[in-house]
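**Student:** I'd like to go over a predicted model; first the sequence, then the structure.
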Amino acid sequence: MSAQIEKLVTSGTFSLDGGTWDVDNNVYIIGDDQEVVVIDAAHDATAIAAAIGSRRLLAILCTHGHNDHVDAAPALADACSAPIWLHPADAPLWSMAHPDRRPDDDLADGQVIDVAGTEIRVLHTPGHAPGAVCFYVPELKTVFSGDTLFKGGPGATGRSFSDFPTIVESISSKLLGLPSDTVVHPGHGDSTTIGEEAPSLEDWIVRGH
C-alpha cells in the first residue's frame, strides 16, 4: 500500500515585523499504518500527536521557518522522538520562534525522503522565505506547497525575508513544470492543482519579470 495523506487544521497566531495575526494552518500527515512524516507542525502538538497515534513519526518536515508553521515542532519532536528538518536558509526565522532549539537536520533541493515506500522530493522554492521548500510526491500526484503557492496565486512577499521576483522565479522553475493534474496542498486554505493555477501564474510571471 502506498502512502496516504491526512490533513489536520490547527489554529494559532502568526507574528512577524511587529504584527500578530490569527491564522488557521494545514498540517499534513503522510504515511501508512506503521510510519509517517508530518509537514508543518503548527500550533497544537497534542492534536498532531493524537492524529499520528501509535505510528512511528520519522520526521517533521518544515516548508519554512515562520512561527505559525513551526511553533509546535519542538514539542511534537520531543513527544514522538522525531527529528525536525528545515532548510538552513530559514535559520534566522526559526530562531525567532525557537531561540534555544535548533532543527535537527537540513533540507536540501533535490533531496529525497522515503516514507512508507513512497518518495518525497524536496524542491527549494525561496521567495516567501529564503529557505522555503515544497515537497513533491510523484506517486501521489501531489505537491505540498507551504506558503509558496495557494489557490489563486503566489504566497505573500510583503514582509521581511521575502521577495516577489524570487517567489515568481521559484514557481516558474520548480512548480509550473509539474504535471497539470498535480494536486497542490498549501499551508493555508483550500487545495488546487497546477493546471488550475497555470493561467494566472503565467500572468504573475510576466509581472515578476
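**Tutor:** Great, that's in hand.
**Student:** all contacts plus neighbour counts: C-alpha atoms, from now on.
**Tutor:** Fine.
**Student:** now the residue nearest the centre of the chain: how far from Asn26?
**Tutor:** Centre of the chain computed as the mean C-alpha position; nearest residue by CA atoms, centre = their mean is Thr63, 2.9 Å away. The gap separating Thr63 from Asn26 is 11 Å, by CA to CA, to the nearest Å.
**Student:** hey, which helix or strand in the protein has the poorest pLDDT?
**Tutor:** helix 194-208 (a mean of 80; mean pLDDT, DSSP states H and E).
**Student:** quick check: which ranges of this structure have low pLDDT?
**Tutor:** Within the chain, the ranges that satisfy pLDDT under 70 run 1, 206-209.
**Student:** tell me the contacts of Ala116?
**Tutor:** Ser2, Ala3, Gly31, Asp32, Gln34, Glu35, Val36 (CA atoms under 8 Å, 6 or more residues apart in numbering).
**Student:** excluding covalently adjacent residues, which one is nearest to the third one?
**Tutor:** Yep, that's Gly31 we're talking about. Take Gly31 and drop its neighbours on the chain: the residue closest to it by CA to CA, 6 or more residues apart in numbering is Ala3, 4.4 Å away.
**Student:** try the fourth one
**Tutor:** Take Asp32 and drop its neighbours on the chain: the residue closest to it by CA to CA, 6+ apart is Ala3, 5.2 Å away.
**Student:** number of nearby residues for that neighbour?
**Tutor:** 20 (other CA atoms under 10 Å).
**Student:** the one 4 residues further on too?
**Tutor:** For Lys7, the tally of surrounding residues (other CA under 10 Å) stands at 15.
**Student:** in PDB, list the C-alpha atoms belonging to the host helix or strand of it.
**Tutor:** Using DSSP states H and E, Lys7 maps to strand 4-16. Included here for strand 4-16 are C-alpha records, laid out as PDB according to Å, rounded to 0.1, in the frame of the first residue of the first chain:
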ATOM      1  CA  GLN A   4      -1.800   8.100   2.300                       C
ATOM      2  CA  ILE A   5      -2.400  11.800   3.000                       C
ATOM      3  CA  GLU A   6      -4.200  13.000   6.100                       C
ATOM      4  CA  LYS A   7      -5.000  16.700   6.800                       C
ATOM      5  CA  LEU A   8      -5.400  18.400  10.100                       C
ATOM      6  CA  VAL A   9      -6.300  22.100  10.500                       C
ATOM      7  CA  THR A  10      -4.900  23.900  13.600                       C
ATOM      8  CA  SER A  11      -5.300  27.400  14.800                       C
ATOM      9  CA  GLY A  12      -3.000  30.000  16.400                       C
ATOM     10  CA  THR A  13      -1.100  33.100  15.500                       C
ATOM     11  CA  PHE A  14       1.500  34.300  13.000                       C
ATOM     12  CA  SER A  15       3.900  37.000  14.200                       C
ATOM     13  CA  LEU A  16       6.500  39.000  12.200                       C
END
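**Student:** hang on, Ala45 packs against His69?
**Tutor:** No: Ala45 is not in contact with His69 according to CA atoms under 8 Å; the separation is 11.6 Å.
**Student:** with neighbour numbers in mind, choose between these two.
**Tutor:** Just comparing Ala45 and His69: by other CA under 10 Å the higher neighbour count belongs to His69, 27 against 21.
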